[in-house]
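**Student:** Here you go, sequence then predicted model.
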Amino acid sequence: MKIHLIHGIRSVGQVSVDELVPYLTGFEIAYPDYGYILELETKIVNSIIVGAILPYVATDDVLVGHSNGCAVAFEVMSRLNKVGGAVFINAALRQDVVRPPSCPWIDVYFNAGDQITELAAVGARLGIVDGLWGEMGHAGYDGPDPQITNIDCCDERNMPMVWGHSAIFEKKNISAWGPYIAERIRKRLGI
C-alpha cells in the first residue's frame with residue numbers, strides 16, 4: 001500500500017504536502033513532483049499530470065492532495081476501478097463533487113481563512129482554470145455523502161487552529177496535524 005502525496009500549485013519556499021512524510025511511517029510514499037505551473041495552466045496541464053500519475057496508483061493506494069493536488073487526485077480516482085481512500089487538504093475543488101465509486105472514503109480538511117480556494121471558485125466560474133476548482137478548502141464539502149468527512153481546522157477539538165491555505169503544513173501546526181492526519185488514514189484503512 002502506497003500513499004501518493006500530490007502537491008498543489010507551489011511558490012518558491014512554500015510549505016506543502018510533503019511535510020507529512022515524517023508522520024506516515026509504515027507506508028511507502030510516492031511524491032509525484034510536477035513542478036511549478038500557473039493557475040491558468042491547470043485547464044490544460046492537470047489532465048497531463050493525471051495521465052502521468054495513473055499508471056503508478058494501485059488498488060489499495062491512498063491519494064493525499066493539497067489545493068490543485070486534490071483536483072488531480074479526484075481525476076485520478078475517477079479514472080480507476082478502486083483506490084484505498086483520499087485526503088483533501090485545502091482542496092481547490094467544488095464543494096459538491098460526487099465521490100467516485102472507486103473511492104470508499106474521503107477526509108476533507110478546510111479552514112475559513114483559506115482565501116486562495118475562494119479565488120479558485122471565482123476562476124472556475126469565469127472558466128479560466130480547471131473546471132473542478134472551487135472553494136472546498138475554504139468551506140468544506142457540501143453534500144449528503146456520509147463517506148466524506150469534513151474536518152474544520154479552525155474548530156477541531158484539542159488541535160491548533162489553522163488559518164490559511166497552506167498553514168496546516170507550517171512547523172507550528174504540522175507537529176500536531178501530521179500525526180492526526182496519519183492516524184485518521186490508518187483508522188480509515190483499518191490498520
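**Tutor:** Okay, I see it. All of these numbers come straight from a predicted model, not from anything done at the bench.

**Student:** Packing partners of the strand or helix carrying residue 137?
**Tutor:** Under the criterion of DSSP states H and E, residue 137 resides in helix 136-139. Helices and strands touching helix 136-139, by 3 or more C-beta pairs under 8 Å, 6 or more residues apart in numbering; DSSP states H and E, are strand 85-89, strand 106-110, helix 115-126. Bear in mind the C-beta positions are built from the backbone N, C-alpha and C, glycine included.

**Student:** what's the closest of these to residue 45?
**Tutor:** Residue 45 lies closest, by C-beta to C-beta, to one member of these: helix 115-126, at 14.3 Å.

**Student:** Going by neighbour count, which residues in that closest one are buried?
**Tutor:** Of all the residues in helix 115-126, those buried under the rule 16 or more other C-beta atoms under 10 Å are 116-117, 119-121, 123-124.

**Student:** Off-centre distance for it?
**Tutor:** The chain centre lies 16 Å from the centre of helix 115-126; the measure is C-alpha atoms, centre = their mean, to the nearest Å.

**Student:** got the angle for it vs strand 106-110?
**Tutor:** Orientation check (axes from the mean of the first three to the mean of the last three C-alpha atoms, to 10 degrees): helix 115-126 against strand 106-110 gives 110 degrees.

**Student:** Strands of this structure, start to end?
**Tutor:** For the chain, applying DSSP state E gives strands covering 2-6, 28-30, 62-66, 85-89, 106-110, 148-152.

**Student:** can you put those in a markdown table and add distance to residue 43, mean neighbour count and mean pLDDT?
**Tutor:** Putting the strands of the chain into a markdown table (distance: least, C-beta to C-beta, whole Å; neighbours: other C-beta atoms under 10 Å; pLDDT from 0 to 100) gives the following:
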| stretch | distance to residue 43 | mean neighbour count | mean pLDDT |
| --- | --- | --- | --- |
| strand 2-6 | 18 | 23 | 97 |
| strand 28-30 | 25 | 13 | 97 |
| strand 62-66 | 18 | 27 | 97 |
| strand 85-89 | 20 | 28 | 98 |
| strand 106-110 | 23 | 25 | 98 |
| strand 148-152 | 25 | 18 | 98 |
